[in-house]
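Engineer: Any chance you could fold what I've pasted below:
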Amino acid sequence: STVILIPAFVPELVLDAIQRYRATIFAGVPTMYLMLFNSNFEKYDVSSLRLVVIGGSNAQPELLKRIKAGFPNATVMNLYGLTESSGACICSPLDDSFEDILDSIGVPIGDYEVMITDEKGQPLPDGEVGEIAIKGDCVCSGYIGLEEKTKESFRNGWLFTGDMAYKRGNRIYFMGRKKEMYIQAGFNVYPAEIENVLIKHPKVFMVAVIGVPDEFYGEKGVAYVVPKGEVSEEELKEYCARYLADYKVPKEFIFEETLPLTPAGKIQKSELLKMYMERKSA
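Structural biologist: Numbering: from 1, shown residues only. Sure, this is the predicted structure:
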């Protein structure tokens, strides 16, 4: 089948290509979809798309709903994969209900096996949050020249991904990166859960939550927000408090015009932490 290559992600270029070539499949990371919807999206005909795939980082339910509405003729599919697994290893089945797509990243595909593990690499029962481990013929055997990193990530035939999730049957429910989890006053907090709430606020365009060192809490949550219109920190704290336990509500909100992105369009949380620490020491 034909593949249309775009030299750089420019929303109008992508939408024009979909319309001109009557594309049937489009895949992107969450930020790319946000950029599409923030452009002249309504001026383009995207009715030819029959499948839209979202992966690369946490897909917030509110964005998935917007994708479904924006591409009415297309099936929405979650995709989870790593370079080390040769790409996709967990996907939404094509016959999934939209309710399942909102909650779950899908099921293992092909011959891939997925295990949710504790800190010692032992399997956890259904419903308990742990690290995603992947096994399969397409998983690589290690990193060239990085012996310690290989020992840490590749154990007993399993690739330990550094991502957190829980299982129900063979269905996987993503919780975020292990290194992104922070411990505030003794409680484990997963940023993805907070981001999924904040993105529903009508005045929030983009959001990323990080944990930062704090003398009182040990670590505390900080939300970086790209707003749509005027919104205050107090308003967002009150909004979070309606849907989240008190210890999950970010202690600080920082408003920015843009957030740092990787070349693949993912929000660069390591850069946000660096920005915060520089700001604090200034």
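
Engineer: only C-alpha atoms for contact and neighbour calcs from this point on.
Structural biologist: Noted.

Engineer: Could you find the closest non-adjacent residue to F253?
Structural biologist: Leaving aside its sequence neighbours, F253 sits nearest to A223 (Cα to Cα, 6 or more residues apart in numbering; 4.8 Å).

Engineer: Relative to V212, how far out is Y190?
Structural biologist: 13 Å (Cα to Cα, to the nearest Å).

Engineer: Report the set of residues contacting both of these two.
Structural biologist: When Cα atoms under 8 Å, 6 or more residues apart in numbering defines a contact, the residues bordering Y190 and V212 alike are Y182.

Engineer: Compare those two (neighbour count), which wins?
Structural biologist: Neighbours of Y190 and V212, each counted by other Cα atoms under 10 Å, are more numerous for Y190; the result is 23 against 18.

Engineer: Next up, phi/psi of that one, please.
Structural biologist: Backbone torsions for Y190, taken as degrees, to the nearest 10, come to phi -110, psi 110.

Engineer: do you know how far it is from I210?
Structural biologist: Distance of Y190 to I210, given as Cα to Cα: 9 Å.

Engineer: One more: P30?
Structural biologist: The gap separating P30 from I210 is 18 Å, by Cα to Cα.

Engineer: Then K65?
Structural biologist: Counting by Cα to Cα, the gap between K65 and I210 amounts to 25 Å.

Engineer: next one: G87
Structural biologist: To I210, G87 is 26 Å away according to Cα to Cα.

Engineer: Quick check: E234 is in a strand.
Structural biologist: No - E234 sits outside any strand when classified using DSSP: H, G, I helix; E, B strand; the rest coil, being helix.

Engineer: count of neighbours near the closest residue to A185 other than its chain neighbours?
Structural biologist: Spatial nearest neighbour of A185, chain neighbours left out: Y217 (4.7 Å); criterion: Cα to Cα, 6+ apart. Taking other Cα under 10 Å as the criterion, the count of residues near Y217 is 14.

Engineer: next one: T161
Structural biologist: For T161, the tally of surrounding residues (other Cα under 10 Å) stands at 19.

Engineer: what residues are up against it?
Structural biologist: When contacts are counted by Cα under 8 Å, 6+ apart, T161 is found next to E131, I132, A133, I134, S153.

Engineer: Ramachandran angles for it?
Structural biologist: Per degrees, to the nearest 10, the residue geometry at T161, taken as phi and psi, is phi -80, psi -20.

Engineer: cool, the one 5 residues further on as well?
Structural biologist: In terms of degrees, to the nearest 10, the main-chain angles of Y166 are phi -140, psi 160.

Engineer: How about the one 4 residues further on?
Structural biologist: Taking degrees, to the nearest 10, you get phi -100, psi 10 for the backbone angles of N170.

Engineer: Skipping its backbone neighbours, what lies nearest it in space?
Structural biologist: In space, and not counting its chain neighbours, N170 is closest to V107: 5.8 Å by Cα to Cα, 6+ apart.

Engineer: before we move on, which element is the one you found in?
Structural biologist: Using DSSP states H and E, the element containing V107 is strand 107-108.

Engineer: Show residues contacting that strand.
Structural biologist: Contacts of strand 107-108 (Cα under 8 Å, 6+ apart): C89, I90, C91, S92, P93, V114, N170, R171, I172.

Engineer: do stretch 199-218 as well
Structural biologist: Applying Cα under 8 Å, 6+ apart, the contact partners of stretch 199-218 are 60, 62, 180-185, 191-192, 194-195, 198, 219-231, 239, 250, 267, 269, 272-273.

Engineer: Can you flag the buried ones in these?
Structural biologist: With neighbours counted using 16 or more other Cα atoms under 10 Å, the contacts of stretch 199-218 contain these buried positions: 60, 180-184, 191-192, 194-195, 198, 219-227, 239, 250, 267, 269, 272-273.

Engineer: ok, G87 and I210, which is more surrounded?
Structural biologist: Applying other Cα under 10 Å to G87 and I210 shows that I210 carries more neighbours, namely 23 against 13.

Engineer: Can you check the pLDDT for the more buried one?
Structural biologist: I210 is assigned 95 on the pLDDT scale.

Engineer: before we move on, back to that, ok, the contacts of T161 vs D103, which is closest?
Structural biologist: Sorting those by how near they are to D103, with Cα to Cα, puts I132 at the top with 16.7 Å.

Engineer: number of nearby residues for that closest one?
Structural biologist: I132 is surrounded by 26 other residues when neighbours are defined as other Cα under 10 Å.
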